[in-house]
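Participant: What follows is a predicted protein model with its sequence.
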Amino acid sequence: MESMKDFERELEASFRKIEEGDIITGTVIDITEEEVTLDLRYYAQGIIPVANLSNDPNYQVFEQLHEGDVISATVVKRDDGQGNILLSMKEANDVLAWDTLEKMQAEEMVVTVKVSQSVPSGVVAYLEGIRGFIPASQIDEEYVEDTESYVGKTLEVKVITVDKEKEKLILSARAVIKERVEEERNHQISMLVPGTVMEGKVESLQPYGAFINLGNGLSGLVHISQISQKRISKPSEVLKEGQTVKVKLLNTNDNKISLSMKALEEEMVDTDDEVMKDLEQYTEKESVGSSLGDLFAKLNLK
């Protein structure tokens with residue numbers, strides 16, 4: 001006896017009308033080297049020849065599809081001559097994929113692609129069945145001269161340009177790398193403690209201050225007002241590129257490292273004042289004949 005579910009299925013199929021050009025959804029129930037069979041919840045099954053699966057020349061049907069997957073395809077013929085509905089996933093993808101790609105771009109999604117070929121000034125990779133171009137400047141952190149060496153490699157990329165009318169898709173691996181580097185840098189900055197004395201090299205001099213390379217990919221700014229206690233009109237009056245300096249960490253607001261050399265000078269002055277006060281106290285207590293060496297020997301200098 002037919003179950004209620006079977007009856008509902010037949011009832012749904014009886015009301016359904018499928019026309020050529022429609023984009024319909026079905027469940028994969030069989031995969032061979034020649035074709036993929038779909039359950040369409042209809043009187044006839046759907047058949048997609050392997051050649052109609054994707055525009056990607058490296059598409060591997062047994063890797064990309066599995067029984068139970070739900071996919072969309074365009075109706076090419078209502079009857080392929082054997083009672084099945086002839087479908088094309090490639091044609092449906094040409095329509096539906098662009099919406100998916102636009103969503104990926106809007107959400108700044110990170111996706112994995114495989115480089116299929118090298119072309120002038122970049123490489124090609126397919127995403128959602130659409131041919132995407134990765135410029136040589138966007139393959140890695142730096143411009144890539146030998147693009148051929150990337151063929152066959154998988155890259156994590158972001159969608160940076162989607163133009164359905166011109167069928168233009170541009171991807172970037174550099175955007176992902178840059179984001180990861182920035183995340184790591186921000187993490188390192190978050191671990192820094194204001195007040196810490198650090199050592200670094202003068203990286204560059206600007207009219208408004210000096211950038212100090214602190215190592216581990218970090219650099220901070222000593223504003224011109226924080227370079228010296230004395231008034232200066234430009235950083236080069238006190239500093240030169242490549243010079244090793246000690247600086248004090250002021251703050252890391254907005255993940256920017258603010259440093260000061262002036263603060264260290266002020267601390268040294270304060271320390272010297274304390275030493276002199278101690279020296280005066282000892283001088284009052286000691287005989288006039290005490291030598292300067294004896295006085296310093298009795299001081300507990302820190």
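Facilitator: All right, it came through fine. Numbers count the residues shown, from 1 in each chain.

Participant: Next, the nearest residue to Val157 once chain neighbours are set aside: secondary structure please.
Facilitator: The shortest distance from Val157 to any non-neighbouring residue, by Cβ to Cβ, 6 or more residues apart in numbering, is to Leu171 (4.2 Å). Where C-beta positions appear, they are placed from N, C-alpha and C, glycine not excepted. Secondary structure assignment for Leu171 (DSSP: H, G, I helix; E, B strand; the rest coil): strand.

Participant: Give me the neighbour count for Leu171.
Facilitator: Look at Leu171: counted by other Cβ atoms under 10 Å, it has 28 neighbours.

Participant: Please apply the same query to Glu237.
Facilitator: 12.

Participant: same question, Arg41
Facilitator: Arg41: 14 surrounding residues under other Cβ under 10 Å.

Participant: does it count as helix, strand or coil?
Facilitator: Three-state call for Arg41 (three-state DSSP): coil.

Participant: Equivalent analysis for the one 10 residues further on, please.
Facilitator: Following three-state DSSP, the label given to Ala51 is helix.

Participant: Give me the pLDDT value at it.
Facilitator: On pLDDT, Ala51 comes in at 92.

Participant: Spatially central residue for this protein, please.
Facilitator: Val176 (2.5 Å; Cα atoms, centre = their mean).

Participant: Confirm that residue sits in a helix?
Facilitator: Yes: counting by three-state DSSP, one finds Val176 located in a helix.

Participant: Could you pull up the contacting residues of it?
Facilitator: For Val176, the contact set (Cβ atoms under 8 Å, 6 or more residues apart in numbering) comprises Val110, Glu156, Val157, Lys158.

Participant: who's in contact with the residue nearest to it when sequence neighbours are not counted?
Facilitator: Closest residue to Val176 apart from its sequence neighbours, by Cβ to Cβ, 6+ apart: Glu156 at 4.8 Å. Residues in contact with Glu156 (Cβ under 8 Å, 6+ apart) are Val110, Val111, Thr112, Ala173, Val176.

Participant: how far away is Glu156 from Lys17?
Facilitator: 43 Å (Cβ to Cβ, to the nearest Å).

Participant: cool, Met198 as well?
Facilitator: Per Cβ to Cβ, Met198 is found 74 Å from Lys17.

Participant: Those two: who's more crowded?
Facilitator: For Met198 versus Lys17, neighbours defined as other Cβ under 10 Å are more numerous around Met198 (17 against 7).

Participant: What strands flank the helix or strand that contains that one, and is each parallel or antiparallel?
Facilitator: According to DSSP states H and E, Met198 maps onto strand 197-206. Strands that pair with strand 197-206, judged by DSSP bridges, come out as strand 209-215 (antiparallel), strand 244-251 (antiparallel).

Participant: Adding mean pLDDT, write the ones you listed out as JSON lines.
Facilitator: Below are the strands paired with strand 197-206 laid out as JSON lines (pLDDT from 0 to 100):
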{"stretch": "strand 209-215", "mean pLDDT": "94"}
{"stretch": "strand 244-251", "mean pLDDT": "94"}
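
Participant: deepest of those, which one?
Facilitator: For these, the largest average neighbour count (mean count of other Cβ atoms under 10 Å) is found in strand 209-215, namely a mean of 20.

Participant: Can you list the neighbours in contact with that strand?
Facilitator: In contact with strand 209-215 (Cβ under 8 Å, 6+ apart) are residues 198, 200-205, 219-224, 226-227, 235, 239, 245, 247, 257, 259.

Participant: Stretch 195-204 now?
Facilitator: The contact list for stretch 195-204 (Cβ under 8 Å, 6+ apart) reads 210-215, 219-220, 239-249, 259, 264.

Participant: Let's see that with 10 Å instead.
Facilitator: Applying Cβ atoms under 10 Å, 6 or more residues apart in numbering, the external contacts of stretch 195-204 come out as 192, 210-215, 218-222, 235, 238-251, 257, 259, 263-264, 267.

Participant: hang on, the earlier thing: let's test this: mean pLDDT of whatever helix or strand the residue nearest to Val176 lives in, rounded?
Facilitator: Using DSSP H and E, the element containing Glu156 is strand 154-163. The predicted model assigns strand 154-163 a mean pLDDT of 97.

Participant: Mind listing the strands it pairs with, and their directions?
Facilitator: strand 111-119 (antiparallel), strand 168-172 (antiparallel).

Participant: tell me which residues in the shortest one are buried?
Facilitator: Residues Leu169, Ile170, Leu171, Ser172 are the ones in strand 168-172 that count as buried (16 or more other Cβ atoms under 10 Å).

Participant: low-scoring stretches of this structure, by residue?
Facilitator: The chain contains residues with pLDDT under 70 at 1-16, 269-302.
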